[in-house]
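Asker: What follows is a predicted protein model with its sequence.
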Amino acid sequence: MGTYINFKQTDETKVTETAAFLEKHHDEEGYSIAGLWTQEDIDIETKKLKDTGSGCPDFLELGEGQFKLSATSDEDINTFIQIISEAVIYFGLTINKMPSNADDYLTDIQIDSIYGLQKFKDFQKKEEDHYAKYDKARKEALSIKQKDLKGGVKLVETWGIQKMWLIFGTAETPQFLHYTWEVDGEEYKDLYRDEKGLSYLLIPLMDMGPNGVTKVNDYLNYAWEHMGLRTQPLEILADVYNIYPKELKIGRVKLFEANYLKNSDIERGIYFDTDKNKFAYKNIALTDLYLNNIKIPQKYFISSSGITFSIASKDIGAFVLEALEKSEDKKAA
């Protein structure tokens with residue numbers, strides 16, 4: 001990244017000689033100050049692309065060159081201005097992309113010698129006016145979106161400091177939610193963030209087919225591997241869809257230590273369905289929790305032994321994650 005001036009020889013018959021002229025002039029380290037993208041460069045990169053898959057024949061257009069203004073010494077900038085102004089006069093070179101902040105690096109005299117000072121001022125004003133319209137339209141579109149969408153299904157961890165919202169909707173693949181706006185007939189889009197700066201990760205809805213759970217699990221794993229999701233997919237499946245992994249193993253835990261339940265609450269009971277060989281759930285009240293006509297002590301819940309246990313619905317995801325972490329710790333030991 002940085003601030004670049006792009007220049008071009010539009011007469012293809014003069015590309016080679018213009019490039020030869022520019023390459024005669026070197027910077028403080030002995031490298032050419034400026035060069036043009038020639039047919040020879042295109043041929044070299046095309047062959048590399050064919051042989052190794054790493055070539056870039058369309059790095060620049062034929063006859064185009066660029067010079068980085070940012071992080072460049074005044075001496076090298078002065079040399080660049082001198083040779084480019086000569087190339088403009090003797091070879092018809094043109095400046096085809098002038099950055100609007102070029103005056104942060106160049107004097108008015110330097111700008112005038114290669115581009116035209118008044119032309120630059122007019123261009124700069126046009127860019128400022130366009131950005132003002134762009135910024136106004138962007139803020140208006142974002143404000144409307146933030147009124148329509150606040151929060152999501154679950155707040156999940158990411159690689160970064162901030163969390164992000166997880167939402168489920170119509171989509172072909174996992175994607176970050178964007179919002180769009182239009183300026184002067186051109187459409188723009190940007191990553192949507194709520195008023196707290198949190199982004200939204202959209203996961204395709206679970207379909208009713210036999211592979212619905214598998215698909216959502218695959219989507220979540222893809223988001224884990226490629227999109228910065230750092231809340232375990234199995235935790236999300238448990239928390240959002242009430243789907244539990246068969247390998248979930250939990251031992252005896254005292255409720256006051258787990259800090260999950262109030263005795264008066266009606267909570268979600270998770271139990272191991274031996275007929276289906278998987279975990280299932282049902283709503284239960286701890287004050288009426290019985291198994292085979294035997295009342296289960298309220299301070300305990302047990303899982304894989306077949307006895308029903310209870311947990312607040314809001315804590316299901318975290319509970320599953322803890323169980324999986326404990327399981328992994330046992331494997332490692």
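Answerer: The structure has been received and is ready for your questions. Residues are numbered from 1 along each chain as shown.

Asker: When you work out contacts or count neighbours from here on, use the C-alpha atoms and nothing else.
Answerer: Fine.

Asker: what residue ranges in this protein score low on pLDDT?
Answerer: Confidence mapping of the chain against pLDDT under 70 gives the ranges 244-320, 323-324, 326-331, 333.

Asker: how about 50 then?
Answerer: Applying pLDDT under 50 to the chain picks out residues 249-268, 284-289, 291-292, 294-308.

Asker: the strands in the stretch 51-200 of the chain, which residues?
Answerer: 64-68, 94-97, 154-156, 164-169, 175-176, 178-183, 186-191, 200-204 (DSSP state E, counting those that start in this stretch).

Asker: residue boundaries of the helices in the stretch 51-200 of the chain?
Answerer: Using DSSP state H, counting those that start in this stretch, the helices of the stretch 51-200 of the chain run over residues 74-91, 108-114, 117-148.

Asker: Distance to Tyr31 and mean neighbour count added to those, as CSV?
Answerer: Below are the helices of the stretch 51-200 of the chain laid out as CSV (distance: least, CA to CA, whole Å; neighbours: other CA atoms under 10 Å):
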stretch, distance to Tyr31, mean neighbour count
helix 74-91, 11, 16
helix 108-114, 22, 17
helix 117-148, 29, 14
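
Asker: Mind checking these for the one nearest to Lys14?
Answerer: helix 74-91 (7.3 Å; CA to CA).

Asker: Dump the closest one to CSV, restricted to CA.
Answerer: Output of helix 74-91 as CSV, limited to C-alpha atoms (Å, rounded to 0.1, in the frame of the first residue of the first chain):
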residue,chain,number,x,y,z
ASP,A,74,13.1,13.9,-1.4
GLU,A,75,16.2,13.2,-3.5
ASP,A,76,14.6,10.3,-5.4
ILE,A,77,11.3,12.3,-5.8
ASN,A,78,13.3,15.2,-7.3
THR,A,79,15.1,12.8,-9.7
PHE,A,80,11.7,11.2,-10.7
ILE,A,81,10.1,14.6,-11.4
GLN,A,82,13.1,15.6,-13.6
ILE,A,83,13.1,12.5,-15.8
ILE,A,84,9.3,12.2,-16.0
SER,A,85,9.0,15.9,-17.0
GLU,A,86,11.5,15.2,-19.8
ALA,A,87,9.6,12.1,-20.9
VAL,A,88,6.4,14.1,-21.0
ILE,A,89,8.1,16.6,-23.3
TYR,A,90,10.2,14.3,-25.6
PHE,A,91,8.2,11.1,-25.6
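
Asker: what's next to it, contact-wise?
Answerer: With contact meaning CA atoms under 8 Å, 6 or more residues apart in numbering, helix 74-91 is reached by 9, 14, 18, 21-22, 25, 27-28, 33-34, 69, 93-94, 110, 113-114.

Asker: Closest to Gly53 out of those?
Answerer: Closest to Gly53 out of the contacts of helix 74-91 is Ala34 (26.9 Å), distances taken as CA to CA.

Asker: What sits closest to that closest one if chain neighbours are left out?
Answerer: Spatial nearest neighbour of Ala34, excluding adjacent residues (CA to CA, 6 or more residues apart in numbering): Leu22 at 5.8 Å.

Asker: got the contact list for that neighbour?
Answerer: Ser32, Ile33, Ala34, Gly35, Leu36, Ile83, Ile84, Ala87.

Asker: Thank you, goodbye.
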